[in-house]
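*Asks:* build me a structure from this.
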Amino acid sequence: MQSDDVFPISRHNFQQLEEGDRGEIELLPAESESLHRLGFWQRCGVRLLCLVLVCYFLPMLSFIPLAIFGGVHMPSPWAGDYNHDAPTASVPSKEMPTGRWYWNLPLVSMILILFPLAVVFVLYHLKMRAVRRQQMIDSLLAECV
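*Replies:* Numbering: from 1, shown residues only. Below is the predicted model:
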């Protein structure tokens with residue numbers, strides 16, 4: 001067993017090509033794509049996303065055993081002793097409100113549909129711009145070599 005066989009899985013999967021007495025290390029084409037390192041802001045974004053997910057899921061995971069073993073004991077917010085600071089408890093009306101609405105249905109529907117599409121559109125164009133710039137840099141480097 002050679003010393004190279006001690007760690008069969010390395011951080012970068014290299015292929016040892018022997019030519020005569022000396023060996024050269026060459027990256028395979030599929031492996032060179034996997035070596036892409038994330039930028040600083042991408043790593044910060046991944047960390048922030050992980051932090052948000054942990055802050056979101058940990059309370060949910062702690063509620064499951066609480067609900068199973070202790071049961072859910074939540075007082076009614078409409079009870080008189082729910083909030084001692086409030087002067088009186090008010091019960092909402094069960095009737096449909098009449099009069100002018102405070103929001104416009106076509107405008108809200110348009111925002112609901114167009115805002116996510118606009119965000120995806122802007123992010124797509126920023127990504128394509130970065131890819132074009134990287135391809136231009138790669139082609140310039142290839143010309144210089």
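*Asks:* helices along this structure, start to end?
*Replies:* Listed in chain order, the helices of the chain (DSSP state H) span 29-34, 40-65, 105-144.
*Asks:* pick out the residue nearest the middle of this structure.
*Replies:* Central residue of the chain (Cα atoms, centre = their mean): L49, 4.8 Å from the mean position.
*Asks:* check that one and give its pLDDT.
*Replies:* L49 is assigned 94 on the pLDDT scale.
*Asks:* same deal with I25?
*Replies:* Model confidence at I25, given as pLDDT, is 54.
*Asks:* so where's this protein uncertain?
*Replies:* Applying pLDDT under 70 to the chain picks out residues 1-35, 86-90.
*Asks:* give me that answer again for 90
*Replies:* By pLDDT under 90, the low-scoring segments of the chain are 1-39, 56-108, 140-145.
*Asks:* returning to that earlier point: what's the closest of the helices of the chain to P92?
*Replies:* Comparing these by their distance to P92 (Cβ to Cβ), the top pick is helix 105-144, with 21.6 Å. Every C-beta, even on glycine, is put in place using the N, C-alpha and C of the backbone.
*Asks:* buried stuff in the closest one?
*Replies:* The neighbour-count check on helix 105-144 (16 or more other Cβ atoms under 10 Å) flags nothing as buried.
*Asks:* neighbours of G71, how many?
*Replies:* 7 (other Cβ atoms under 10 Å).
*Asks:* can you add distance to P75 and give the helices of the chain back as TSV?
*Replies:* Shown next, in TSV, are those (distance: least, Cβ to Cβ, whole Å):
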stretch	distance to P75
helix 29-34	55
helix 40-65	17
helix 105-144	34
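*Asks:* out of those helices, nearest to H84?
*Replies:* helix 40-65 (25.7 Å).
*Asks:* what about that closest one, distance to the chain center?
*Replies:* Here helix 40-65 is found 9 Å from its chain centre; the criterion is Cα atoms, centre = their mean, to the nearest Å.
*Asks:* likewise for stretch 130-145?
*Replies:* 29 Å.
*Asks:* and L66, how many neighbours?
*Replies:* Neighbours around L66, by other Cβ under 10 Å: 10.
*Asks:* from F57, how far out is it?
*Replies:* Using Cβ to Cβ, to the nearest Å, L66 is found at 15 Å from F57.
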